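# Fold the following for me, if possible:
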Amino acid sequence: MKSPIDGGGLRIWLPAVRSGSGADRFTERLAEGLRARGLDPVIDWFALADELRPWRLSLAAPPPGTALIHCNSWHGLWFRHEGLPLVATIHHAGYSPEVTALRTPLRRAYHLGAIRRFERRLYRRTQAVVAVSRYAARSAQRWGGAADVRVIPNGVDVERFSPSPEALPPGGPFRLLFVGNATHGKGADLLEGIARALGPGFELRFTSGKGRAVRQLGPNMTDLGTLHGDALLDAYRWCEALLLPTRAEACPYAVLEAMAVGRPVVASDNTALPELVAHGETGWLCPTADVGALADACRRLAADRRRAAAMGSEARRRACESFRQELCVERYADLYAEVLAAHRRRQSQS
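Okay, the predicted model is just below:
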């Protein structure tokens, strides 16, 4: 569906702090999608260290001709400029007790003190606030001081992340994949226990990225390091199911990408994950940090590979229907048009 601003070369400034997280991919993929619609997105990347010295961010100026600013809610306060409307997206799982309990005391103080204070100030000044999941929106409203929060889920390129043209080879160990930074929050510390409980009938490959939570490798585990591009796609196509025992998520790309490739998902039943994984239809949701339940869910898939493949096909259908990248971009383009129209009305009345 065409937005009123499509094809007009409208310049959208996307200032972002590079963090090595899904928020980086969101910015890159949104810019790509906006460019395909004839808009002119401009990304300016800032160092992660600038998060601790935000006054440096406030010195950045939007490129000439900018019509609208769109940024991460953590840093949006510092990218505000008079006369330009601003849209902020919430990429984190929030300030609920279940999420803040996962952080170290120092990070908890930083998030609940500085970041939440910055976001609350931003919410009173921005023209639109978006969250990537209903969970993130509710958390921002209940604990973050936000009032009106819209929900636009992350999107996945279902043409690129697509099933392999070749069928998976029959038999052999059941193949599991974990994608993400190997951190405590992602549940990577549980992988060794799950792999050990499953035994030699399963093979678990995992990315480690910036994390170090996997302290010991079992004989059926392989550390893939950091994957990008075709290597990441090949990993999804290699596996028979995604394993994500995470403790908190806002809207994880790993789940969307695995679903798009046609793989069922075994994940935790917490935060935003029930919005993505339909329990018993596209995968299995298990109690958080329950190694036994997560291993049992993997065994259930391995015991009936035909049903596992059918769940993967349903996951693919759901990804194409509800989480296509084009749908995500379309919703943002429509939001930009709405925000800009309201901005022009205010200018004409002043």
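
# can you pull out the strands in the stretch 201-350 of the chain?
Ranges of strands in the stretch 201-350 of the chain, per DSSP state E, counting those that start in this stretch, are 202-207, 221-225, 241-244, 265-268, 283-286.

# export these to JSON lines and tack on mean pLDDT, distance to R299 and mean neighbour count?
The C-beta positions use only the backbone N, C-alpha and C, and glycine is treated the same way. Shown next, in JSON lines, are the strands of the stretch 201-350 of the chain (pLDDT from 0 to 100; distance: least, Cβ to Cβ, whole Å; neighbours: other Cβ atoms under 10 Å):
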{"stretch": "strand 202-207", "mean pLDDT": "97", "distance to R299": "8", "mean neighbour count": "22"}
{"stretch": "strand 221-225", "mean pLDDT": "95", "distance to R299": "17", "mean neighbour count": "14"}
{"stretch": "strand 241-244", "mean pLDDT": "98", "distance to R299": "11", "mean neighbour count": "27"}
{"stretch": "strand 265-268", "mean pLDDT": "98", "distance to R299": "10", "mean neighbour count": "26"}
{"stretch": "strand 283-286", "mean pLDDT": "98", "distance to R299": "10", "mean neighbour count": "24"}
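
# K186 contacts V255, doesn't it?
No - counting by Cβ atoms under 8 Å, K186 stays clear of V255, with 11.8 Å between them.

# mind putting the strands of the stretch 201-350 of the chain in TSV, distance to A293 included?
Formatted as TSV, these follow (distance: least, Cβ to Cβ, whole Å):
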stretch	distance to A293
strand 202-207	15
strand 221-225	19
strand 241-244	12
strand 265-268	9
strand 283-286	4
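
# which one of those lies closest to Q141?
Checking these against Q141 by Cβ to Cβ gives strand 265-268 as the closest, at 23.0 Å.

# Can you list the strands that the closest one pairs with?
strand 241-244 (parallel), strand 283-286 (parallel) (DSSP bridges).

# who's in contact with it?
Counting contacts by Cβ atoms under 8 Å, 6 or more residues apart in numbering, the residues outside strand 265-268 that touch it are 176, 187, 241-247, 255, 258-259, 273, 276-277, 282-289, 294, 297-298, 301, 315.

# before we move on, back to that, mind listing the shared neighbours of K186 and V255?
Here K186 and V255 have L244 as joint contacts, going by Cβ under 8 Å, 6+ apart.

# More neighbours: which of those two?
V255 (30 against 27; other Cβ atoms under 10 Å).

# which ones are touching that one?
242, 244, 249, 265, 267, 273, 276-277.

# farthest pair in those?
By the measure Cβ to Cβ, L242 and E249 form the most distant pair in these, at 12.7 Å.

# Mind putting the strands paired with strand 265-268 into CSV with distance to Y110?
As requested, the strands paired with strand 265-268 are exported to CSV (distance: least, Cβ to Cβ, whole Å):
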stretch, distance to Y110
strand 241-244, 26
strand 283-286, 30
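
# any weak-confidence spans in the stretch 151-300 of the chain?
Residue ranges of the stretch 151-300 of the chain with pLDDT under 70: none are present.

# try 80
167 (pLDDT under 80).

# In it, what residue spans correspond to helices?
191-198, 229-238, 253-261, 273-276, 291-303 (DSSP state H, counting those that start in this stretch).

# Now do the first one against helix 291-303, angle only.
By that I understand helix 191-198. For helix 191-198 against helix 291-303, the angle by axes from the mean of the first three to the mean of the last three Cα atoms, to 10 degrees is 50 degrees.

# Contacts made by helix 191-198 with the rest, please.
178, 182, 202, 204, 206, 214-218, 220-221, 243, 245, 291-292, 294-295, 298-299.

# make it 6 Å
178, 204, 206, 214, 216, 218, 220-221, 291, 294-295, 298 (Cβ atoms under 6 Å, 6 or more residues apart in numbering).

# can you tell me which two in these are farthest apart?
So, those by Cβ to Cβ: farthest apart are Q216 and C298, at 19.1 Å.

# More neighbours: these two, which one.
C298 (26 against 9).

# Identify the residues contacting the more buried one.
C298 neighbours (Cβ under 6 Å, 6+ apart): 198, 266.
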